[in-house]
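> The sequence isn't on hand, but the structure is:
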DNA sequence: CCTTTGTTTCACAATATTGTGAAGTAACTT
DNA sequence: AAGTTACTTCACAATATTGTGAAACAAAGG
């Protein structure tokens, strides 16, 4: 059924798939469909780093149709980029540079957006201390979070690509 | 059809409901069901601040059954607390003190948890520079985020409750 | 003790999400 | 030009999520 090298490769792939699944699970908490998460996970760890939809689909066990749909999603989110090579009809995908920083920043921006909602709530019911206190508390904490990030030093750039 | 005071009250309630809906929409991005989000929004802005399931249900237009289910969810998440009064069978709910800080911290913790996943990925494929670079980048950014929060001054406590 | 009122449970309906299979289309190869 | 391969589209199936209605239940009031 295959020699020792094949068996080792198989075991590796299982381990890698397990990791890919963890990545997918993490992203599904953000509403990303399972296959999209698996693709991103796979593209994080695969070798070579740039692969076609077919290769990806075979690796993670998803249908071509699912690949089409989810590659589109991932591109729209700016997580992966699509590249073609001259004289080849196949498109290759890779994780976009800085994708995860964008993920993080987007998350934070979404969170801090609630500050506006809280502000509008206070406008709505007036500054009356007792009643507005609940909303003020929420506003306060989101304001704190926004400031933490505004004041934070930017992440050190990646040295090697 | 009602006097001027009633009409004003009605208009107010519509505005408030609109705000409640925005809160619900925000929370649904985190996977909270619509009704749970509405309840939380309502409890943020309602007067009096402590209300029964029946009152809440009538205010936001949800069935008693939905209330039961979603109040349970909100309590489990630590967002609202349930209180009974001696000699009354009715339970009253209110927004838990510090609920939103908990929301924010939970979100951040969830995000930074990905640092572990990235770390395990690097363990899996070895420190080989070229291939591990993608995962290292992800690890790097999540590490940055975790540190930003670890180093951040805590939010100033609420002065008035 | 029976009524009233408010809550809970549960079966089910409505809807939304996701992914597959099969057919269609496009592009390189020979 | 015909074949091969890869991707895309689309109808549909499987599943998951939510919320409702009706019936059961519990507690307070008469």
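Everything's here; your move. Note that this is a predicted model, so its numbers are computed, not measured.
> Contacts for stretch A:85-103 next, please.
Contacts with stretch A:85-103, where a contact means Cβ atoms under 8 Å, 6 or more residues apart in numbering or on different chains, come from A:39-40, A:43-44, A:49-54, A:56, A:71, A:74, A:78-84, A:155, A:161, B:134, B:137-138, B:141-142. From N, CA and C alone the C-beta is placed, and that goes for glycine too.
> So which of these belong to helices?
A:39-40, A:43-44, A:53-54, A:56, A:71, A:74, B:134, B:137-138, B:141-142 (DSSP state H).
> if I look at residue A:125, how far off is residue B:26?
18 Å (Cβ to Cβ, to the nearest Å).
> What residues does chain A have near DNA strand D?
When proximity is defined as Cβ under 7 Å from any atom of the strand, chain A approaches DNA strand D at A:52-54, A:57, A:64-65, A:67-69, A:71, A:89-91.
> hang on, the earlier thing: narrow the ones in helices among the contacts of stretch A:85-103 to just the buried residues.
Buried members of the ones in helices among the contacts of stretch A:85-103, counted by 16 or more other Cβ atoms under 10 Å in any protein chain shown: A:39-40, A:43-44, A:53, A:56, A:71, A:74, B:134, B:137-138, B:141-142.
> Look up the pLDDT of the residue nearest to the spatial centre of chain A for me, please.
Nearest residue to the geometric centre of chain A (Cα atoms, centre = their mean): residue A:103, 5.2 Å. You'll see residue A:103 listed with a pLDDT of 86.
> Make sure it is indeed in a helix.
Yes - assignment of residue A:103 by DSSP: H, G, I helix; E, B strand; the rest coil places it within a helix.
> circling back: just put the residues of chain A next to DNA strand D in a markdown table and tack on distance to residue A:34 and pLDDT.
Converted to a markdown table, the residues of chain A next to DNA strand D look like this (distance: Cβ to Cβ, whole Å; pLDDT from 0 to 100):
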| residue | distance to residue A:34 | pLDDT |
| --- | --- | --- |
| A:52 | 20 | 97 |
| A:53 | 17 | 97 |
| A:54 | 19 | 96 |
| A:57 | 14 | 97 |
| A:64 | 16 | 97 |
| A:65 | 14 | 97 |
| A:67 | 13 | 98 |
| A:68 | 15 | 97 |
| A:69 | 12 | 97 |
| A:71 | 14 | 98 |
| A:89 | 28 | 86 |
| A:90 | 24 | 93 |
| A:91 | 22 | 95 |
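> Determine which two of the residues you listed are furthest apart.
Farthest pair in the residues of chain A next to DNA strand D (Cβ to Cβ) is A:69 and A:89. Separation: 19.7 Å.
> These two: which is more packed in?
Neighbour tally, residue A:69 and residue A:89, criterion other Cβ atoms under 10 Å in any protein chain shown: the higher count belongs to residue A:69, 15 against 6.
> No further queries at this time; thank you.
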